[in-house]
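**Q** curious how this folds, go ahead:
(2 chains)
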Amino acid sequence: EAAVTQSPRNKVAVTGGKVTLSCNQTNNHNNMYWYRQDTGHGLRLIHYSYGAGSTEKGDIPDGYKASRPSQENFSLILELATPSQTSVYFCASGESYTEVFFGKGTRLTVV
Amino acid sequence: AQKVTQTQTSISVMEKTTVTMDCVYETQDSSYFLFWYKQTASGEIVFLIRQDSYKKENATVGHYSLNFQKPKSSIGLIITATQIEDSAVYFCAMREGNNNRIFFGDGTQLVVKP
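**A** Numbers count the residues shown, from 1 in each chain, chains lettered A, B, ... in the order given. From the prediction side, this is the model:
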């Protein structure tokens, strides 16, 4: 099974500060994704990537940037964090036409 | 419009019984892939089972099986002989054949009582 590792697992950030969430996968998957999950809601796609150097906007990209510097790594960047970005963030990876595998999530609190 | 809809927000069943969770999807693609995931109390999201649209036979993995009704755009998850440990939130998801995006439903909370 794919290994998807997120760091940090928990983060408290101040409003207006910069936050970087990191994701590493070791199964050489081409596709990687960032989702956020809010209480009582499903998973909403923020950004995704087809491979190193590529990023695509998902359904809720405003306020977020993404970076895919290598096959293994995919970062989510909040340049100016706001309390509305308090959430649990999940990274996932997978190949085309198949299921994806999730990391354990990052709980972000913006105060 | 929501591409994947799970209308049951919460289901409660007795241990060792069978439960079915509903999911309907919307796509214009002739080729697509359907998935069910389980989110445990710890928050981890685990892949359970998958159905490819071109396959007529319903997928089965362990005590999970699918009820794929293509004309109704429906993919139900059936859990037989439920156990306490099956208590979790279950998400239905769809991936279109020409698209690397995966769309998730809002989830169904399953509570299995002893």
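**Q** count of neighbours near B:Val46?
**A** 13 (other C-beta atoms under 10 Å in any protein chain shown). Just so you know, the C-beta spots here come from the backbone N, C-alpha and C atoms, and that holds for glycine as well.
**Q** can I assume it is in contact with B:Trp36?
**A** No - the criterion here is C-beta atoms under 8 Å, and B:Val46 misses it with B:Trp36 at 10.0 Å.
**Q** the helix or strand of chain B with the lowest mean pLDDT pairs with which strands, parallel or anti?
**A** In chain B, the helix or strand scored least confidently by mean pLDDT, DSSP states H and E is strand B:102-104, which has a mean of 92. Sheet pairing of strand B:102-104 (DSSP bridges) gives strand B:88-96 (antiparallel).
**Q** which residues outside the partner strand are in contact with it?
**A** Applying C-beta atoms under 8 Å, 6 or more residues apart in numbering or on different chains, the contact partners of strand B:88-96 are A:42-43, A:97, B:3-4, B:6, B:21, B:23, B:25, B:27, B:29, B:31-41, B:45, B:48, B:75, B:77, B:101-105, B:107-110.
**Q** which of those residues fall within helices?
**A** Among the contacts of strand B:88-96, DSSP state H puts none in helices.
**Q** just the buried members of the residues you listed?
**A** Those of these that meet the buried threshold are A:42-43, B:3-4, B:6, B:21, B:23, B:25, B:27, B:32-39, B:45, B:48, B:75, B:77, B:102-105, B:107-110, by 16 or more other C-beta atoms under 10 Å in any protein chain shown.
**Q** for A:Ala2, give me the pLDDT.
**A** Here, the pLDDT recorded for A:Ala2 equals 53.
**Q** okay, A:Val111 and chain B: tell me how far apart.
**A** 21 Å (C-beta to the nearest C-beta, to the nearest Å).
**Q** with that, I have no additional questions.
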